[in-house]
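>>> Please work out how this folds:
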Amino acid sequence: MTADLPDHPLLAGYPVRIRIPVQWGDMDAYGHVNNTVFFRYFESARIAYLKRCGFLDSYERDKVGVILHSTECRFRRPLFHPDTVLVGGRAMDVETDRFTMGYVVVSAAANAVAGDGAGVIVSYDYERREKCPLPADIRRKIEELERGS
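Here you go, the predicted structure:
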């Protein structure tokens, strides 16, 4: 996985971009990438985003991290091996204790969107085992990321 891709028109508006090679083992009996693999692509983009906005450090320091509330995907075209996917992640609808991440998966071989989706990410205090407000420094970093700062 490679982070910080150069600009690509299909990734416009996604401040976090990663490149992931399609593995032979990602394919299913029908000869295309299994639908569950798209959720792994989303997860990889989500972790890259959480690193950039400081949520991974927040967990290590304060035990305040995130928990995935829900996720969805729209499959737009099949993916095949060999290929490389370009995955974008962005925060949308930032609320007091959560935000929605938007994702896009682009086939480099087809230069087309293979899938897109979203996930609701909730700020979670792992010591108290309950949701909590987004830490102020993380909210600020999310805003900076989304502004392109």
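>>> Pull out the buried residues from the longest helix seen in the chain.
Of all the segments of type helix in the chain, defined by DSSP state H, the longest one is helix 35-53. By 16 or more other CB atoms under 10 Å, the buried positions in helix 35-53 come out as 37-39, 41-50, 52-53. (Each C-beta comes from the backbone N, C-alpha and C, glycine too.)
>>> Run the chain-centre distance for it.
Between the centre of helix 35-53 and the centre of its chain there are 4 Å (CA atoms, centre = their mean, to the nearest Å).
>>> Pull the residues that contact that helix.
Outside of helix 35-53, the residues within contact range by CB atoms under 8 Å, 6 or more residues apart in numbering are 1, 3, 15-16, 18, 20, 26, 56, 65-66, 68, 71, 73, 75, 79, 85, 87-91, 101, 103, 105, 114-115, 117, 119, 121, 138, 141-142, 145.
>>> any idea of the mean pLDDT in it?
For helix 35-53, mean pLDDT rounds to 98.
>>> and if you look at stretch 8-27?
In this model, stretch 8-27 carries a mean pLDDT of 96.
>>> For that stretch, list every residue counted as buried.
Neighbour counts using 16+ other CB under 10 Å place 8, 10-11, 14-20, 22, 26-27 of stretch 8-27 among the buried residues.
>>> if we can go back for a sec, and the buried residues of helix 35-53, which is closest to Lys131?
For the buried residues of helix 35-53, the minimum distance to Lys131 (CB to CB) is 16.0 Å, reached by Leu50.
>>> and which of the buried residues of helix 35-53 is nearest to Tyr126?
Set against Tyr126, the nearest of those by CB to CB is Leu50 (14.0 Å).
>>> now stretch 136-145: mean pLDDT?
Mean pLDDT, computed over stretch 136-145, is 97.
>>> cool, and stretch 85-93?
If you average the pLDDT over stretch 85-93, you get 97.
>>> List the buried residues of that stretch.
Val85, Leu86, Val87, Gly88, Gly89, Arg90, Ala91.
>>> can you map out the strands along the protein?
Using DSSP state E, the strands of the chain run over 2-3, 16-21, 64-75, 84-92, 98-107, 112-125, 130-131.
>>> Taking strand 64-75 as reference, get the angle to the longest helix of the chain.
Comparing the axes of helix 35-53 and strand 64-75 via axes from the mean of the first three to the mean of the last three CA atoms, to 10 degrees yields an angle of 140 degrees.
>>> quick revisit: now distance to Gly31 too, for the buried residues of stretch 85-93, in a markdown table please.
Compiled in a markdown table, the buried residues of stretch 85-93 are given as follows (distance: CB to CB, whole Å):
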| residue | distance to Gly31 |
| --- | --- |
| Val85 | 17 |
| Leu86 | 22 |
| Val87 | 22 |
| Gly88 | 26 |
| Gly89 | 28 |
| Arg90 | 31 |
| Ala91 | 35 |
